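Peer 1: coords please:
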Amino acid sequence: MAPDSPAIEVMDVAKAFGEARALDGVSVAIRENEFFTLLGPSGCGKTTLLRLIAGFDFPTTGEIRLHGQDIAGQPPFARPVNTVFQSYALFPHMTVEQNIGFGLKMLGKPRAQAAERVNQMLALVRMESFRTRRTSQLSGGQQQRVALARALAPAPRVLLLDEPLSALDYKLRKEMQGELKRLQTETGITFIFVTHDQEEALTMSDRIAVMSGGRILQVGSPRDIYDHPRTRFVADFIGEVNFLAGTLVTTYGTAGRVRLAVGGEVQAGLPDTAPPSGPVTVIVRPEHAELRAPDQPADLRGTLDQVVYFGTDTHLHVRLSDGSEFVLRQQNSPGGDLGLAPGAGVGIAFKPGAARVLKD
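Peer 2: Here you go, the predicted model:
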């Protein structure tokens with residue numbers, strides 16, 4: 001099967017619970033061997049969509065296809081799909097190898113074949129030395145590895161992961177992000193990952209679908225979603241961003257000139273459906289702007305309001321002429337103290353390609 005061919009196709013799927021509509025006409029194609037993330041706030045519909053793919057619930061309308069076959073009406077056990085839950089759902093009275101082999105036993109696999117597969121999974125998740133230990137005696141990260149191995153043992157065509165890292169502490173979560181990506185690459189299985197954590201999505205995904213209100217607002221690579229958000233919600237949900245009101249006065253190809261409400265004009269990239277003129281919102285990421293001295297050329301001018309040191313970088317809060325705040329992020333270096341105090345007049349210069357006009 002071609003690398004870009006769809007493993008999962010969700011076609012105009014809606015899901016209603018009484019009067020409440022959890023999904024509203026969702027369509028998306030998830031590629032073979034892809035790490036695909038459904039990203040959005042609580043209640044946006046991402047877990048509902050995952051449950052429909054898994055077969056734990058059924059769509060009100062629409063189709064779900066697995067490699068071209070309609071599976072929307074099939075029960076979970078009839079689908080070559082496995083799920084790793086947030087709680088892991090391991091059997092505490094069983095050993096690690098018994099947990100991993102449980103699904104193989106239920107499928108009636110011959111004992112020798114199942115034992116070989118369990119050994120392969122133990123090696124894959126690097127848990128060989130824990131094979132005889134009960135899962136109740138393992139750390140959170142070790143339990144997650146066992147849950148992954150158990151889900152991967154039957155060789156599903158698609159693995160669904162419902163916020164499996166949310167219970168881990170920050171350092172372990174970062175470690176497991178790398179482990180998940182490694183497992184997906186080594187197994188070649190399509191992973192569909194659900195999270196509300198933007199950093200997780202940007203770190204691991206081949207592509208991301210940003211969801212809100214039961215709809216998919218944008219699908220793209222992490223860089224595309226971050227650098228070229230189409231809507232205000234996507235821009236605001238993914239990372240930090242500055243919003244500037246303005247009027248689009250001139251367009252030329254994929255860019256245009258915007259007269260900002262706080263003064264001055266800037267060049268900004270345009271979305272595919274940008275209006276030819278009129279009021280618009282311009283976005284600039286904090287790391288895509290630089291602080292300038294008052295006598296240097298700048299796109300904006302204001303007063304330094306606050307300097308916040310974060311170790312790896314420093315956040316600079318600048319108050320603009322209309323009272324709004326613009327935040328810059330500057331990476332720190334040895335001896336790199338800016339020597340500026342709150343109350344100083346400063347300029348803000350945008351890096352090339354930093355400013356973009358939103359669709360809405």
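
Peer 1: going forward, measure contacts between C-alpha atoms and count neighbours the same way
Peer 2: Fine.

Peer 1: give me the below-cutoff pLDDT ranges for the stretch 201-350 of the chain.
Peer 2: 274-275, 335-339 (pLDDT under 70).

Peer 1: for it, which segments count as helices?
Peer 2: Ranges of helices in the stretch 201-350 of the chain, per DSSP state H, counting those that start in this stretch, are 222-227, 232-237.

Peer 1: now distance to residue 272 and mean neighbour count too, for those, in TSV please.
Peer 2: Putting the helices of the stretch 201-350 of the chain into TSV (distance: least, C-alpha to C-alpha, whole Å; neighbours: other C-alpha atoms under 10 Å) gives the following:
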stretch	distance to residue 272	mean neighbour count
helix 222-227	14	18
helix 232-237	15	18
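
Peer 1: okay if I get those helices as CSV plus distance to residue 22?
Peer 2: As requested, those are arranged in CSV below (distance: least, C-alpha to C-alpha, whole Å):
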stretch, distance to residue 22
helix 222-227, 23
helix 232-237, 18
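
Peer 1: state the mean pLDDT of the lengthiest helix in the chain.
Peer 2: Ranked by residue count and defined by DSSP state H, the top helix of the chain is helix 170-187. What helix 170-187 shows for mean pLDDT is 86.

Peer 1: quick one: buried residues of that helix?
Peer 2: 173, 176, 180, 181, 183, 184 (16 or more other C-alpha atoms under 10 Å).

Peer 1: can you list contacts of the following helix or strand past it?
Peer 2: Next along the chain after helix 170-187, taking DSSP states H and E as the criterion, comes strand 190-195. Where contact means C-alpha atoms under 8 Å, 6 or more residues apart in numbering, the residues beyond strand 190-195 that reach it are 7, 31-40, 46-47, 50, 157-163, 184, 201.

Peer 1: out of these, list just those in helices.
Peer 2: 46, 47, 50, 184, 201.

Peer 1: distance of the third one from residue 37?
Peer 2: So that's residue 50. According to C-alpha to C-alpha, to the nearest Å, residue 50 and residue 37 sit 10 Å apart.

Peer 1: the two: which is more packed in?
Peer 2: residue 37 (28 against 20; other C-alpha atoms under 10 Å).

Peer 1: just to revisit the earlier point, next one: the longest helix of the chain to chain centre, how far?
Peer 2: Using C-alpha atoms, centre = their mean, to the nearest Å, the mean C-alpha position of helix 170-187 is found 14 Å from that of the whole chain.
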